[in-house]
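Q: fold the following and give me the result.
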Amino acid sequence: MEKDQLLKELREIGISFHVYKTMVSDSAEQKTIQSARQLEQDRIITLDVCKVTSLDNSPVVELKGQFI
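A: Numbers count the residues shown, from 1 in each chain. This is a model prediction of the structure:
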């Protein structure tokens, strides 16, 4: 997921967030993680969790953190 789209979705949730995002491919998972890390490096968010995990036997990207 692109950085701008991820930022928009996280802002809709609120100041803090804990989301599981299903992805259609490994490259999409890596792009979402990369986008989240870029938002953290840009000092827009802080991340407590940013990883690929399993939910209902399907791989998902787990993001937990808050806006700065």
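Q: next SSE downstream of the top helix by length along the chain?
A: For the chain, the helix with the greatest residue count under DSSP state H is helix 26-41. Moving toward the C-terminus from helix 26-41, the next helix or strand (DSSP states H and E) is strand 45-55.
Q: only the buried residues of that next one, if you could.
A: 45, 47, 50 (16 or more other CB atoms under 10 Å). C-beta: built from backbone N, CA, C; applies to glycine.
Q: again with stretch 18-25
A: 21, 23.
Q: related to what we said a few turns ago, who touches the longest helix of the chain?
A: Residues from elsewhere that reach helix 26-41 (CB atoms under 8 Å, 6 or more residues apart in numbering): 1-3, 6-7, 10, 21, 23, 45-47, 50-52, 59, 61, 63, 65.
Q: at 7 Å instead, please
A: Residues outside helix 26-41 that contact it (CB atoms under 7 Å, 6 or more residues apart in numbering) are 1-3, 6-7, 21, 23, 45-47, 50, 52, 59, 61, 63.
Q: thank you, goodbye.
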